[in-house]
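**Student:** mind looking at a prediction? Sequence and model below.
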Amino acid sequence: MPSILKVDNISCRYENENAVNQTSFDLEEGTLACLLGPSGCGKTTVLRAISGFQKLTGGSITLNGTRISSARLNIPPEKRNISMVFQDYALFPHLTVQKNIEAGLYGKEPSSRKAVVEEILEYVHLSDYSQRYPHELSGGQQQRVALARALAPKPGLLLMDEPFSNLDFELRESLGQEVRDLLKEIGATCILVTHDQQDAFTFGDMVGVMNKGRIEQWGTPYDIYHRPETRFVANFVGDGVFLNGVLVSDGKIQCELSQYGEQDLTGDISDDRIQHDLQEIKPGSGKEVQVLIRPDDIIHDDDSPTTARIIKKAFRGESYLYTLALPSGTRVLTLVPSHHDHDVGESLGIQLDISHLIYFDR
Amino acid sequence: MALVALLPLAAIIWVAFSPTENIWPHLVSTSLPGYLLNTFVLMTGVGVSVFLTGVTTAWLISAYSFPGDKIFEWMLLLPLAVPAYVIAYLYTDLLEFAGPVQGALRGIFGWELARDYWFPNVRSMGGAIMLMGLVLYPYVYLMARSSFLEQSPHLFDACRLMGRSRFNTFLFVSLPIARPGIAIGTALALMETLNDFGTVDYFAVHALTAGLFDVWLNMNNLGGAAQIALVMLTFVLILLALEHAGRSRIRFYQNTGRFVRRENIPLHGVYKWIAFTLCFLPVLAGFLIPFAILVSYGVRYFDQSWTAEFREYAFNSLTVSSIAAVSCAAISILIVYSRRIITPSWLTSFSKISSLGYAVPGSVLAVGIVISLTTLENRVDGLARLHFGFSTGLILTGTLFALVLTYIIRFLAISTGSIESSFSKVPGSIDMAARTLGHPPFRTLRLFHIPLVKSGIFTAMLIVFVDCMKELPATLLLRPFNFETLATHVYLFASDEMIEYSALSALMIVLAGLIPVVVLSKTISYSQLLKQKAD
């Protein structure tokens, strides 16, 4: 697949502060990508830079082989053939659904405009609503009109800024899935910005986790969750705690849990990073590290010789999230099916079941 | 535009410091201390008066329910439609020795001569303070009321739960939170006080404006006028500082969160009539009485007043005000929209400077405009004589250009404010949506912004229009020869104690002034309606 969008080492500055700092990524045609990060991490600035509302101070952006942004060049947004769906939808309140969608088809024949509107409304299941005004629609319907309006001009790239954050929880999930299916069907290339990892995981083929103006990791949702490359990514995505441990020469990590559990904490020896780290370790000593323990890495087992005291519990419907204290006082999390209802203060038998060993330098 | 607004002020400073005939020492040793003291007393008096009236009525309306409260809510705004000079002429007429009130008193008590009894003289400092307070308090009322309405009732409840009484809670919580709004309202009222010429002139209160007119028109000394103008500008700076302090704090004090407004507390027994009286008096004295007198004069002297001159003056007023209103709106749209699409900080501060005009008294602005335009005129005239052999004469100061320019500079801030606030309700994402859908900036403005903010533009034009109709000091100073407006007509006749014959003009001004008051009160209740809907 050819790469349609090339974001090359871009930087943006707001009032002497780097909002985006030397960030790069490529997007292949038909990819649905997500930029995920906490508020203020620069993800929306990246979107504004791609759409042309934010000037670059360094780097360049290329769309379909044409350079559209650099420190010296800024093609105006209206000439980029990029569409956008906004957090508040930004539907024109004084225009009907029909006119809203036609706004993106300025200069085209009235008859062809009408045909496009009809077709796109069919896609989003709103054919009966073309003469309504935005305020007469529900939140989910407004969302779909915004999407239809963005798709009508057949943009080369679709940008979405927190498009689901104004919807309630259930609608969010179903609509997220629906939008994904629709975009896949028409083969659109899209970047979605969100602070919600669930949105990112439901929607994205690829996810970029951003922090302090940089993309810390660019990968599939699976990799982002199970193979976080930086401590920030490990922390931001999913629950988990870091346990102090020591990496020793055979690739094993010794930590409080490994002494009690049956399973060895062994890294994937073939991994470059471990090999590199192991070479640095002098015989007889070790390297001090921190191991990421996710709640699903610890499973509940009544027969296990290892027990930990329950400090806190949070009901999540299908499961409990227990906070446990190991004998040394170190705390870990575990996710247990909710019919295992234990009281705070009780001891819980646990076992380690780690399929991806993630560690960071201490 | 900012440059054009700054030029007159710069000109004042320049001329004030380099006068051809230096009367500054003379001014300082003779009349200036008196002018200063009078202006100071006048402004203090009006400040206290508008504060008390405005805050009391605003609090009663926003916290309690009593007979007529819904009607008073908008009626309390009506005095805003009456220019201070009109009310001054009318009350003098009503309360002077030969007037109906003293006449009736004499009839009842059998007095005959002025020394038989004591009656306050309207044409005095006290009278000026009273009357100006009567028509200017709505500024404070408007600002205070919206502050009170925007306060979360939870704040009030929290304080009551701590064991404070209702009144104590008002003093401890509601009033301090409304302070920025009240400061803005008071500052606006005081700017009007400083601007006033008609009242102080008629009442022979020697305030700075009266001094400026005296030095310029009677002594024919523009340099001296500029010097007095400079002194007035320091007052302006103080007021601007007050207003700015209010505005910068209002963001922190006012609650933008959504909350359900409580029902107002019903008042019973004697209290409800006290509340009724407190709200009725300002409306009665500030609007109903003067309006009734104007109507009766208008009807009684209709034949003498409905003349060709009157129609000409009315036409003049309408034309000049309309030109100024449309120009202001157009310039404001350009300023606001360009600030929206390009946002370098120097542009923002630059356009802020251009909005200072409203604080500068009309007479001061007139001095500055005349100084700068005369300089320009002489240059043009000189060039024309040199190259084309004829004189262009007073092409700027001798025509309506100077007057319209003054109106625009003075009222630009009002229209910019109104248009900006309606623009700010259009989220930035609308601009971005239009741009990504392929519309360049000016088509975006035409297709999406203008339809969305047209009511704001209309309001802006309306307010500027009415302010121009009312404007007296700058109009008096800058009108071309033989050109009268309704306002100057009222002034000239009233000075000759013939207010009856210009009552129709005054009535026109007041009626025009009523339009924005009605629109204003409509939008207030409209915004409340929207709020209720959102809840």
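**Tutor:** That came in fine, so what should we check first?

**Student:** the bottom helix or strand of the chain by mean pLDDT?
**Tutor:** With no chain named, the answer covers chain A. The helix or strand of chain A with the poorest confidence is helix A:256-260; it has a mean of 66 (mean pLDDT, DSSP states H and E).

**Student:** try again with chain B
**Tutor:** helix B:345-353 (a mean of 63).

**Student:** look up how far B:Ala104 lies from the nearest residue to B:Phe97 once chain neighbours are set aside.
**Tutor:** Closest residue in space to B:Phe97, ignoring its immediate chain neighbours: B:Ala114 at 5.8 Å, by Cβ to Cβ, 6 or more residues apart in numbering or on different chains. (Glycine included, C-beta is placed from N, CA and C.) Using Cβ to Cβ, to the nearest Å, B:Ala114 is found at 15 Å from B:Ala104.

**Student:** now B:Val135
**Tutor:** Using Cβ to Cβ, B:Val135 is found at 25 Å from B:Ala104.

**Student:** and the two? Which one has more around it.
**Tutor:** Neighbours were tallied for B:Val135 and for B:Ala104 using other Cβ atoms under 10 Å in any protein chain shown; the higher tally belongs to B:Val135 (28 against 10).

**Student:** coming back round to it: the residue nearest to B:Phe97 and B:Glu96 touch, don't they?
**Tutor:** No: counting by Cβ atoms under 8 Å, B:Ala114 does not reach B:Glu96; the two are 10.4 Å apart.

**Student:** more crowded one of those two?
**Tutor:** Remark: of B:Ala114 and B:Glu96, B:Glu96 carries more neighbours, 17 against 11, as counted by other Cβ under 10 Å.

**Student:** that one contacts B:Gly103, doesn't it?
**Tutor:** No: look at B:Glu96 against B:Gly103 with Cβ under 8 Å: they stay out of range, at 9.8 Å.

**Student:** quick check: residues of chain A near chain B?
**Tutor:** Chain A comes close to chain B at residues A:51-53, A:76-80, A:82-84, A:86-94, A:103-104, A:106-107, A:149-150, A:153, A:159, as judged by Cβ under 8 Å from any Cβ of the partner chain.

**Student:** mind checking which of these are in helices?
**Tutor:** With helices taken from DSSP state H, the overlap with the residues of chain A next to chain B comprises A:Ser51, A:Arg149, A:Ala150.

**Student:** residues near the second one, how many?
**Tutor:** It stands for A:Arg149. 29.

**Student:** just checking, it touches A:Ala90?
**Tutor:** No: the criterion here is Cβ under 8 Å, and A:Arg149 misses it with A:Ala90 at 9.1 Å.

**Student:** shared neighbours of the two, anything?
**Tutor:** B:Ala433 (Cβ atoms under 8 Å, 6 or more residues apart in numbering or on different chains).

**Student:** got a list of contacts for the helix or strand harbouring B:Gly107?
**Tutor:** Assignment of secondary structure by DSSP states H and E places B:Gly107 within helix B:100-109. Contact with helix B:100-109 is made by B:Leu94, B:Leu95, B:Glu96, B:Trp111, B:Glu112, B:Tyr117, B:Phe119, as judged by Cβ under 8 Å, 6+ apart.

**Student:** helix or strand right after it?
**Tutor:** helix B:125-150.

**Student:** residue 12 is in what secondary structure piece?
**Tutor:** The chain I'm using is chain A. strand A:3-14.

**Student:** think we crossed wires, I meant chain B
**Tutor:** Applying DSSP H and E, one finds B:Ile12 within helix B:2-17.

**Student:** doesn't B:Phe411 make contact with B:Leu365?
**Tutor:** No: when contacts are counted by Cβ under 8 Å, B:Leu365 is not listed as touching B:Phe411 (10.6 Å).
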